[in-house]
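Student: compute the structure for the input listed below.
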Amino acid sequence: MQNYKAKVGQQTYSISDKEVEALDLVHRNGLYYFLDNNENYKIEVISAEGKTLKLKINNTIHTIQIADEVDQLIEKMGMDKPAEIKMTDVKAPMPGLILDIMVESGTEVKAGDPLLILEAMKMENVIKAVGDGVVKSVLLPKGATVEKNEVILEME
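Tutor: Predicted structure coming up:
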């Protein structure tokens, strides 16, 4: 027996496949009709993408997210959220010349923010943040020559 969770807004409902099979649900002309405690519900499927359904139930639109047992286990283990990437020290990816440094001590950076420009083999390379962090200190000045893997910025 398979167990599911359906999340509608902030409310979560648990239901098994046996309970789904036992529902008084009728499909006719592209619509579903559902009877529960002597109340009728007309259901129209607006969209279904993966495990997210957008349903129109009695003229009210609801977005429903379905989680099967595997999804629930992944959530229970805390693996349902992407890991935050924390910035580590910024090292020169190749030997070169620092043309510009766009940050200073105390600057908060987000993933993708430009940090510095490094000239190598007559090309200017913009070195960007790979994660979020705060610049602890700038170890080398603009105009400095660096070797591969030399630390340019210390991060907190």
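Student: longest helix anywhere in the chain?
Tutor: Ranked by residue count, the top helix of the chain under DSSP state H comes out as helix 69-76.
Student: and the contacts of that one?
Tutor: Gln2, Asn3, Tyr4, Lys5, Lys51, Ala67, Asp80 (CB atoms under 8 Å, 6 or more residues apart in numbering). For every residue, glycine as well, the C-beta is placed using N, CA and C.
Student: mind giving me the domain split of this protein?
Tutor: Split into domains by automatic domain parsing, the chain comes to 3-76, 90-155.
Student: end-to-end on the first one?
Tutor: Across domain 3-76, the straight-line distance between its terminal residues is 15 Å, by CA to CA, to the nearest Å.
Student: and stretch 1-13, by the same measure?
Tutor: Per CA to CA, stretch 1-13 runs 17 Å from first to last residue.
Student: with stretch 139-146 instead?
Tutor: End to end - CA to CA - stretch 139-146 spans 11 Å.
Student: can you list the buried residues in that stretch?
Tutor: Leu140, Val146 (16 or more other CB atoms under 10 Å).
Student: check contacts around Leu25.
Tutor: Per CB under 8 Å, 6+ apart, neighbours of Leu25: Tyr32, Tyr33, Phe34.
Student: roughly how far out does stretch 96-116 sit from the chain middle?
Tutor: Stretch 96-116 sits 25 Å away from the centroid of its parent chain (CA atoms, centre = their mean, to the nearest Å).
Student: check stretch 34-45 too.
Tutor: With CA atoms, centre = their mean, you get 35 Å for stretch 34-45.
Student: where do the helices sit along this structure?
Tutor: Under DSSP H, the chain gives helices at 17-21, 69-76.
Student: give me the residues contacting the longest strand seen in the chain.
Tutor: Ranked by residue count and defined by DSSP state E, the top strand of the chain is strand 39-49. Strand 39-49 has contacts (CB under 8 Å, 6+ apart) with 30-35, 53-58, 61.
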